[in-house]
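Engineer: Need coordinates for the below:
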Amino acid sequence: MFCSDDSGVEIFSKKVNYQIKINKRENDVTLSNIDVYIFNNTHQNSKTSIFALTYKPSVNNLGEVSDISNDLKNHNCEIHFDTKTQLLKDFISEHIFFGNKFSDGKTSLEQYSGNRFKNYLVIDFEKDLIDRDQLLYELGTSSMLGTIENDTIHAPSTSYVKTILENKISCFKNYECLTLLDSFTVIGTNNYDENHVHTHSTWNDIYFSIYIFNLYVKCSLQIFLNDFTSNPMVKRKEFQEFYNKYYFRKISYNFLPNEIFKRISDSLEIEDDLDFSMF
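Structural biologist: Down below sits the predicted model:
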């Protein structure tokens, strides 16, 4: 999926150490890594770029992680950095993309991306003492912690929670995942140790790349659907080239990457978009 030739994907990574304060909650986070995936669209003259920011909380507890992951999804989240208060989207444009804006434009890609980021979140515990289903729902849907347990008027219905958790991936006892339209959440025990090269790189590189790839396919299909009527014959040819190159049923000889790949694709409703495009 990420071949290195001219028809594949260029990946650029940079380690940083930006200390950011979220004004609304007074939470401090560290922006530790920036990754940019540039897809060479052989079916078009343009390229599609997806960027990823890695944040680390200053306080390592669930409440902090929940607040940060919810706040930093919003382009208009107000932050304080280097004596200056500004919106998150302006900070990214100024300090990461050298003044180039990634939002507020009129291209099809920008219209699809909207004003909220996606969340890829991995939570790891030393001991399994939590209700994973409850936490998966609350973190995956950006709900307040305790929403289900407190059972207030704003709590989700039992049937809705059950519907959301149908997207859960549960292959092994040490972790479970929940894949939704705008988030991918993993909760486990001794599953994501930065000092353990294999487990860390599996989630940080391999499975994250699967998530990025599916986001690219999703946004590309949305662009085709939105622009199709502008020139149907040309768009049909472009779509066929895109489909031949990027549509996969299987991506691995191993079952788990295929399972994660399929479930992410299902949650993004990629097959529905494909059916509509091909029709």
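Engineer: switch to C-alpha atoms for all contacts and neighbour counts from now on
Structural biologist: Will do.
Engineer: just the CA coordinates of the helix or strand encompassing residue 34, formatted as CSV?
Structural biologist: Counting by DSSP states H and E, the element that carries residue 34 is strand 27-40. Listed next in CSV are the C-alpha coordinates belonging to strand 27-40 (Å, rounded to 0.1, in the frame of the first residue of the first chain):
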residue,chain,number,x,y,z
ASN,A,27,-4.4,21.1,30.1
ASP,A,28,-0.7,20.9,28.9
VAL,A,29,0.3,18.6,26.0
THR,A,30,3.4,18.0,24.1
LEU,A,31,3.3,17.8,20.3
SER,A,32,6.0,15.2,19.7
ASN,A,33,5.7,14.1,16.1
ILE,A,34,4.5,15.3,12.7
ASP,A,35,3.9,12.9,9.9
VAL,A,36,2.8,13.8,6.3
TYR,A,37,1.6,11.2,3.8
ILE,A,38,1.6,12.4,0.3
PHE,A,39,-0.4,10.1,-2.1
ASN,A,40,0.7,10.4,-5.7
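Engineer: Show me what counts as buried in the very next helix or strand once past it.
Structural biologist: Toward the C-terminus, strand 27-40 is succeeded by strand 47-57 as the next helix or strand (DSSP H and E). Residues of strand 47-57 classed as buried: 52, 55, 57 (neighbour count, 16 or more other Cα atoms under 10 Å).
Engineer: List the buried residues of the strand holding residue 34.
Structural biologist: Residues of strand 27-40 classed as buried: 27-31, 33-34, 36-40 (neighbour count, 16+ other Cα under 10 Å).
Engineer: and those as JSON lines, adding distance to residue 194 and pLDDT?
Structural biologist: Shown next, in JSON lines, are those (distance: Cα to Cα, whole Å; pLDDT from 0 to 100):
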{"residue": "27", "distance to residue 194": "23", "pLDDT": "79"}
{"residue": "28", "distance to residue 194": "21", "pLDDT": "89"}
{"residue": "29", "distance to residue 194": "18", "pLDDT": "93"}
{"residue": "30", "distance to residue 194": "16", "pLDDT": "94"}
{"residue": "31", "distance to residue 194": "17", "pLDDT": "95"}
{"residue": "33", "distance to residue 194": "14", "pLDDT": "95"}
{"residue": "34", "distance to residue 194": "18", "pLDDT": "95"}
{"residue": "36", "distance to residue 194": "22", "pLDDT": "94"}
{"residue": "37", "distance to residue 194": "23", "pLDDT": "93"}
{"residue": "38", "distance to residue 194": "26", "pLDDT": "91"}
{"residue": "39", "distance to residue 194": "28", "pLDDT": "89"}
{"residue": "40", "distance to residue 194": "32", "pLDDT": "84"}
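Engineer: Save the residues you listed as TSV, and put in distance to residue 97 too.
Structural biologist: Conversion of the buried residues of strand 27-40 to TSV gives the following (distance: Cα to Cα, whole Å):
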residue	distance to residue 97
27	24
28	22
29	20
30	18
31	14
33	14
34	11
36	11
37	14
38	14
39	17
40	19
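Engineer: Now compare those and name the two farthest from each other.
Structural biologist: When Cα to Cα is used, the two most widely separated members of these are 27 and 40, lying 37.7 Å apart.
Engineer: So which residues of the chain form helices?
Structural biologist: Counting by DSSP state H, one finds helices in the chain at the ranges 62-71, 88-95, 108-113, 132-140, 147-150, 158-164, 197-201, 207-227, 232-246, 255-267, 270-278.
Engineer: tilt between the fourth one and helix 62-71?
Structural biologist: Relative orientation of helix 132-140 versus helix 62-71 (axes from the mean of the first three to the mean of the last three Cα atoms, to 10 degrees): 40 degrees.
Engineer: cool, the longest one as well?
Structural biologist: Between the direction of helix 207-227 and that of helix 62-71, the angle (the same axes, to 10 degrees) works out to 30 degrees.
Engineer: Only alpha carbons, please: show helix 207-227 as PDB.
Structural biologist: Listed in PDB are the C-alpha atoms of helix 207-227, where the atom choice follows Å, rounded to 0.1, in the frame of the first residue of the first chain:
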ATOM      1  CA  TYR A 207      -2.000  -0.500  12.000                       C
ATOM      2  CA  PHE A 208      -1.800   3.300  11.900                       C
ATOM      3  CA  SER A 209      -0.800   3.100   8.300                       C
ATOM      4  CA  ILE A 210      -3.800   0.900   7.600                       C
ATOM      5  CA  TYR A 211      -6.000   3.600   9.200                       C
ATOM      6  CA  ILE A 212      -4.300   6.400   7.100                       C
ATOM      7  CA  PHE A 213      -4.800   4.300   3.900                       C
ATOM      8  CA  ASN A 214      -8.500   3.900   4.500                       C
ATOM      9  CA  LEU A 215      -8.900   7.600   5.200                       C
ATOM     10  CA  TYR A 216      -7.300   8.300   1.900                       C
ATOM     11  CA  VAL A 217      -9.600   5.900   0.100                       C
ATOM     12  CA  LYS A 218     -12.600   7.400   1.900                       C
ATOM     13  CA  CYS A 219     -11.800  11.100   1.100                       C
ATOM     14  CA  SER A 220     -10.900  10.200  -2.600                       C
ATOM     15  CA  LEU A 221     -14.300   8.500  -3.000                       C
ATOM     16  CA  GLN A 222     -16.100  11.500  -1.500                       C
ATOM     17  CA  ILE A 223     -14.300  13.800  -4.000                       C
ATOM     18  CA  PHE A 224     -15.400  11.500  -6.900                       C
ATOM     19  CA  LEU A 225     -19.000  11.600  -5.700                       C
ATOM     20  CA  ASN A 226     -19.000  15.300  -5.200                       C
ATOM     21  CA  ASP A 227     -17.300  16.100  -8.600                       C
END
